[in-house]
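> let's see this in three dimensions:
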Amino acid sequence: MTIIVAAKKEFNGKTYTVIGSDSRLTVREEIIESKKSKLIKFPTFIVGFSGLANIKLVLQDCARDPDFLNSPYLHLNSASDARVLASVFFQELSKRYEEAFDDPTNETFIELVVASKDRIFHCDCFGDAHEFDRFITSGGGSNYATGYLEGCWDSVDNPGDLAHLVYEAIEVACARSTSCGGEIHVELVVEDNLPPVPPLPEQEPEPEVKNELRDQIVMLVEKLLNGLN
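Okay, the predicted model is just below:
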């Protein structure tokens with residue numbers, strides 16, 4: 001399991017969003033300590049994941065795919081946009097790991113937390129997507145993180161406080177739940193922290209295909225016209 005926290009708040013007329021994660025991995029009963037973030041950066045948002053760790057590979061591949069990065073999926077204007085975006089990720093995941101999805105004993109519940117510069121969304125592998133006004137928590141330690149966020153929310157006065165609150169909420173979850181732990185990673189979702197959209201690869205012009213039949217017809221018409229003249 002894991003813990004993912006995203007929060008957004010308005011300061012001086014501008015909305016700021018922050019997303020964070022732990023780094024511990026659990027495979028059934030085995031705990032795997034890791035220092036790697038569970039946050040994947042895209043040009044217009046950051047995605048945190050909980051559940052089947054293999055989705056990280058899918059997210060990373062999509063984040064490197066110019067065709068995907070130039071698609072309309074990146075414009076997160078509503079929960080329906082987030083739902084379409086998540087469906088792309090989960091469809092690709094099910095293609096690659098079909099056996100895991102078809103296994104009736106597999107109870108893995110996969111969730112995504114998506115944070116853009118002014119919106120936060122929660123998506124799951126069953127096709128549900130919801131936008132939240134304040135914060136989202138996902139993973140095994142989410143109850144502890146939610147309680148901490150609720151208790152401290154009104155004391156947040158600036159973007160720095162918001163980032164500290166997300167960090168501390170994850171820290172509390174890690175201290176209380178054995179499914180969370182490792183290093184804590186927190187990102188403020190601003191343009192400076194997001195990768196640029198890569199240009200689409202240049203397409204070579206299609207070679208001109210000679211049409212012999214067309215050329216023969218043109219020559220025949222020219223001969224007929226010359227004969228008339």
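> A115 - that's part of a strand, no?
Yes - judged by DSSP: H, G, I helix; E, B strand; the rest coil, A115 forms part of a strand.
> give me the pLDDT for it.
The model reports A115 with a pLDDT of 96.
> also V186?
Turning to V186, the model gives it a pLDDT of 95.
> dihedrals phi and psi, it?
phi -130, psi 140 (degrees, to the nearest 10).
> show me the strands in this protein, by range?
3-11, 14-21, 25-27, 30-32, 39-41, 45-50, 111-116, 120-124, 129-132, 135-139, 185-188 (DSSP state E).
> what mean pLDDT does the first one have?
Along strand 3-11, the predicted local confidence has a mean pLDDT of 96.
> circling back: as JSON lines, the strands of the chain with mean neighbour count and distance to S179 would be great.
(C-beta placed from N, C-alpha, C; glycine too.) Formatted as JSON lines, those follow (neighbours: other C-beta atoms under 10 Å; distance: least, C-beta to C-beta, whole Å):
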{"stretch": "strand 3-11", "mean neighbour count": "23", "distance to S179": "8"}
{"stretch": "strand 14-21", "mean neighbour count": "23", "distance to S179": "13"}
{"stretch": "strand 25-27", "mean neighbour count": "14", "distance to S179": "6"}
{"stretch": "strand 30-32", "mean neighbour count": "11", "distance to S179": "8"}
{"stretch": "strand 39-41", "mean neighbour count": "20", "distance to S179": "18"}
{"stretch": "strand 45-50", "mean neighbour count": "26", "distance to S179": "10"}
{"stretch": "strand 111-116", "mean neighbour count": "25", "distance to S179": "14"}
{"stretch": "strand 120-124", "mean neighbour count": "23", "distance to S179": "18"}
{"stretch": "strand 129-132", "mean neighbour count": "16", "distance to S179": "22"}
{"stretch": "strand 135-139", "mean neighbour count": "25", "distance to S179": "7"}
{"stretch": "strand 185-188", "mean neighbour count": "20", "distance to S179": "17"}
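> rebuild those strands as CSV, extending it with distance to D65.
Converted to CSV, the strands of the chain look like this (distance: least, C-beta to C-beta, whole Å):
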stretch, distance to D65
strand 3-11, 23
strand 14-21, 22
strand 25-27, 25
strand 30-32, 28
strand 39-41, 12
strand 45-50, 14
strand 111-116, 17
strand 120-124, 19
strand 129-132, 21
strand 135-139, 25
strand 185-188, 21
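> where in this structure is pLDDT low?
1, 26-33, 99-108, 197-229 (pLDDT under 70).
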